[in-house]
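S.K.: Sequence first, then the predicted structure:
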Amino acid sequence: MQNNLKPSMASSKAMPTTQQTRDPKSLAELLVCVSEEEVEDFLSGLSANALKALPWMFEFWALPHQIAPHDDWTTWVILGGRGAGKTRAGAEWVRAQVEGARPMDEGRCKQIALVGETYDQVRDIMVFGDSGILACCPPDRRPKWEATRRRLVWPNGAVATCYSASDPEGLRGPQFDGAWVDELAKWKKGREAWDMLQFALRLGDNPRQVVTTTPQNVNVLRDILNGTRTISTSAPTSANAVNLAQSFLDKVTAEYGGTRRGRQELDGVLLEDVDGAFWCMAGLDDARVQDAPKLTRVVVAVDPPTTSGEMADACGIVVAGVVMQGPPQDWRAYILADLTMCSVTPNVWASAVATAAKEFGADRVVAEVNQGGEMVETILRQHSGLVPYKGVRASRGKSARAEPVAALYEQGRVFHLGGLHDLEDQMCQMSLAGFRGKGSPDRVDALVWALTDLMIDAAYNFHRPQVRTLCKNSL
């Protein structure tokens with residue numbers, strides 16, 4: 001029995017509820033951690049029937065992320081990278097709904113809808129696929145495929161019927177007590193098909209549906225994730241590495257790791273661009289580089305929170321550098337690191353700033369002092385008394401301060417090293433109308449202060465070298 005899904009803590013911003021996992025190991029994986037004698041003791045303690053059933057007991061092999069949440073939900077969305085095991089999770093959920101304690105016993109559901117983009121994809125992936133329903137069912141509970149009626153029929157009478165999202169009207173008339181929806185984000189008629197399915201989920205006490213999809217920024221998926229009775233989990237491609245070709249993992253990681261497409265297709269993260277945003281992920285992908293050249297100046301910029309504790313804003317900490325060769329229009333800036341910290345005391349973030357200044361060889365620490373005033377410098381000095389420090393005070397709103405910095409990106413004068421995903425997510429939610437994300441854009445604020453000091457303020461103070469001509473009278 002393959003283990004096709006491993007929990008990932010990455011989650012889309014649209015998720016109202018995300019099932020978190022304390023222990024990322026399956027019961028089968030835990031056996032690997034003990035001695036051979038203990039494994040033998042465990043297996044010898046099982047009856048003959050239990051040993052025969054063990055390969056089909058998904059609860060034993062599954063990681064916690066593959067098990068349906070126990071919360072009160074109507075829709076479970078499983079976001080995952082390519083090959084992360086979404087199909088297996090969906091197929092096993094269907095099996096759990098239709099099967100009873102014994103082969104002929106009724107399960108929770110009697111009428112299931114299987115909905116994919118086309119009939120062929122439902123049949124080839126959801127039904128007959130390597131991780132499809134037929135592959136997951138034990139011989140005594142395996143359903144019969146009725147090709148002419150496009151449906152599976154279990155020994156206990158439960159039925160799962162195939163539907164194409166390309167034909168939403170096909171869902172008008174039938175009714176169900178459960179549904180499995182696959183790759184909804186790429187449906188061409190996603191909204192129409194989804195709406196028709198909702199009208200058909202009207203049997204039983206609490207009809208439920210599972211959505212398995214690689215995330216894409218489409219309205220229907222965002223609306224589903226924002227639903228009050230939706231719960232969401234996610235898993236990256238790397239979680240299922242044991243069942244994937246190493247050459248495939250090496251290739252896609254080398255080509256797409258750290259890019260927008262990689263975060264979506266490999267990490268299973270829903271990436272959203274805000275209308276009118278100063279930055280977009282595609283532009284940030286174009287600005288990404290492997291290494292920074294020798295830098296003229298480096299700063300650590302800090303946007304300190306006004307309070308501390310679990311509910312406090314994060315402390316934005318961004319390290320950036322600049323190559324100041326030629327006139328200001330030829331200068332190039334590099335964002336080296338995002339060291340933002342959440343829910344920490346002033347002493348903790350001040351220590352992190354001092355450490356970053358030392359490690360990156362910073363020429364200056366720049367910190368916003370609108371709220372903390374001299375206290376910010378006092379705390380920093382307790383951890384580093386020698387590093388040059390500059391307090392800056394915001395006289396304009398966040399969007400007004402960010403706009404000239406965004407212009408530097410449009411001119412192709414700012415580059416990003418890897419590992420800045422959280423910062424870039426915040427950047428793509430910053431617009432003239434303000435920040436569209438949750439909380440405060442502390443990372444973006446720190447970025448803006450860093451680039452303002454390195455590029456904008458420095459350019460104002462730049463004096464182009466000139467040759468003065470001396471006339472004869474002055475000799």
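M.R.: Noted; the coordinates are in hand.

S.K.: What is the least confident helix or strand in this structure?
M.R.: Here the helix or strand of the chain ranked lowest by mean pLDDT, DSSP states H and E is helix 27-32, holding a mean of 61.

S.K.: After it, heading C-terminal, what element do we hit next?
M.R.: Using DSSP states H and E, the helix or strand that follows helix 27-32 towards the C-terminus is helix 36-44.

S.K.: Any idea how far that following helix is from the middle of the chain?
M.R.: Distance of helix 36-44 from its chain centroid, counting by C-alpha atoms, centre = their mean, to the nearest Å, is 39 Å.

S.K.: how much space between Val448 and Pro139?
M.R.: 63 Å (C-beta to C-beta, to the nearest Å). C-beta: built from backbone N, CA, C; applies to glycine.

S.K.: which one of those two has more residues nearby?
M.R.: Shown here are Val448 and Pro139; by other C-beta atoms under 10 Å, Val448 has more neighbours (28 against 7).

S.K.: That one and Glu403 touch, don't they?
M.R.: No - in terms of C-beta atoms under 8 Å, Val448 does not count as a neighbour of Glu403; the distance is 9.5 Å.

S.K.: My guess is Asn219 contacts Trp187. True?
M.R.: No - counting by C-beta under 8 Å, no contact exists between Asn219 and Trp187, whose distance comes to 11.8 Å.

S.K.: residue ranges for the strands of the stretch 201-350 of the chain, please.
M.R.: With DSSP state E, counting those that start in this stretch as the criterion, the stretch 201-350 of the chain has strands at 208-213, 230-235, 297-303, 316-323, 332-338.

S.K.: And the fourth one, what does it pack against?
M.R.: Contacting strand 316-323 under the criterion 3 or more C-beta pairs under 8 Å, 6 or more residues apart in numbering; DSSP states H and E are the following elements: strand 297-303, strand 332-338, helix 346-359, helix 442-451.

S.K.: Now do the phi/psi pair for the residue nearest the centre of the chain.
M.R.: The centroid of the chain falls nearest to Val269 when counting by C-alpha atoms, centre = their mean (3.0 Å). As for Val269, its main-chain torsions (degrees, to the nearest 10) stand at phi -100, psi 130.

S.K.: my guess is it meets Arg263, correct?
M.R.: Yes - in this structure, Val269 is within contact of Arg263 by C-beta under 8 Å, at 4.8 Å.

S.K.: Might you list the low-confidence residue ranges for the stretch 1-150 of the chain?
M.R.: For the stretch 1-150 of the chain, applying pLDDT under 70 flags the ranges 1-33, 60-62, 64.

S.K.: cutoff 50 now
M.R.: 1-23 (pLDDT under 50).

S.K.: in it, which spans are helices?
M.R.: For the stretch 1-150 of the chain, helices defined by DSSP state H, counting those that start in this stretch occupy the ranges 27-32, 36-44, 48-53, 58-61, 86-98, 119-121, 133-136.

S.K.: show me the contacts for the closest residue to Glu169 other than its chain neighbours.
M.R.: Leaving aside its chain neighbours, Glu169 sits nearest to Met196 (7.2 Å; criterion: C-beta to C-beta, 6 or more residues apart in numbering). The neighbours of Met196, taking C-beta atoms under 8 Å, 6 or more residues apart in numbering as the test, are 168-169, 171-172.

S.K.: what does Ser238 give?
M.R.: 81, 249, 253, 266.

S.K.: and the residues you listed as CSV, adding neighbour count?
M.R.: What follows is these, written out as CSV (neighbours: other C-beta atoms under 10 Å):
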residue, neighbour count
Gly81, 27
Leu249, 16
Thr253, 14
Leu266, 25
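
S.K.: Now render these as TSV, adding distance to Val298.
M.R.: Shown next, in TSV, are the contacts of Ser238 (distance: C-beta to C-beta, whole Å):
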residue	distance to Val298
Gly81	35
Leu249	35
Thr253	29
Leu266	31
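
S.K.: what's the closest of those residues to Gly276?
M.R.: Taking C-beta to C-beta as the measure, Gly276 lies nearest Leu266 of the contacts of Ser238, at 28.5 Å.

S.K.: Go ahead and name everything in contact with the host helix or strand of Ala160.
M.R.: For Ala160, the element it lies in under DSSP H and E is strand 159-164. Contacting residues not belonging to strand 159-164 are listed as 94, 98, 110-119, 122-123, 126-127, 133, 143, 149-153, 170-171, 174, 180 [C-beta under 8 Å, 6+ apart].

S.K.: Which of those fall in strands?
M.R.: Among the contacts of strand 159-164, the residues falling in strands (DSSP state E) are 111-116, 151-153, 180.

S.K.: partners of Lys390 in the sheet?
M.R.: As for beta bridges, Lys390 partners with Val366 under DSSP bridges.

S.K.: Hmm, Arg364 and it touching each other?
M.R.: Yes - counting by C-beta under 8 Å, Arg364 is a contact partner of Lys390 at 5.7 Å.

S.K.: Between these two, tell me which one has more neighbours.
M.R.: Shown here are Lys390 and Arg364; by other C-beta under 10 Å, Arg364 has more neighbours (18 against 15).

S.K.: how close does the residue nearest to the more buried one when sequence neighbours are not counted sit to Leu295?
M.R.: Of all residues not flanking Arg364 in the chain, Pro388 sits nearest, at 4.5 Å (C-beta to C-beta, 6+ apart). Distance, Pro388 to Leu295, by C-beta to C-beta: 16 Å.

S.K.: The two: who's more crowded?
M.R.: Neighbours per residue (other C-beta under 10 Å) separate Pro388 from Leu295, with Leu295 holding more: 19 against 12.

S.K.: The more buried one touches Tyr334, doesn't it?
M.R.: Yes - Leu295 is within contact range of Tyr334, at 6.8 Å (criterion: C-beta under 8 Å).

S.K.: shared neighbours, the two?
M.R.: 321-323.

S.K.: Now list the buried members of those residues.
M.R.: 321-323 (16 or more other C-beta atoms under 10 Å).

S.K.: Once you drop chain neighbours, what's closest to Phe215?
M.R.: Just to correct that, residue 215 is Pro rather than Phe. Leu270 (3.8 Å).

S.K.: Count residues in the vicinity of Arg401, would you?
M.R.: For Arg401, the neighbour count with other C-beta under 10 Å is 18.

S.K.: residues in contact with Ala179?
M.R.: 112-115, 197, 200-201, 207-210.

S.K.: Tell me the confidence at the residue nearest to the centre of the chain?
M.R.: With respect to pLDDT, Val269 scores 84.

S.K.: what's the answer for Pro304, then?
M.R.: At Pro304, the pLDDT recorded in the model is 90.

S.K.: Hmm, Val366 and it touching each other?
M.R.: No - counting by C-beta under 8 Å, Pro304 does not reach Val366; the two are 11.4 Å apart.

S.K.: For those two, indicate the residue with more neighbours.
M.R.: Set side by side, Pro304 and Val366 show more neighbours around Pro304, with 27 against 24, by other C-beta under 10 Å.
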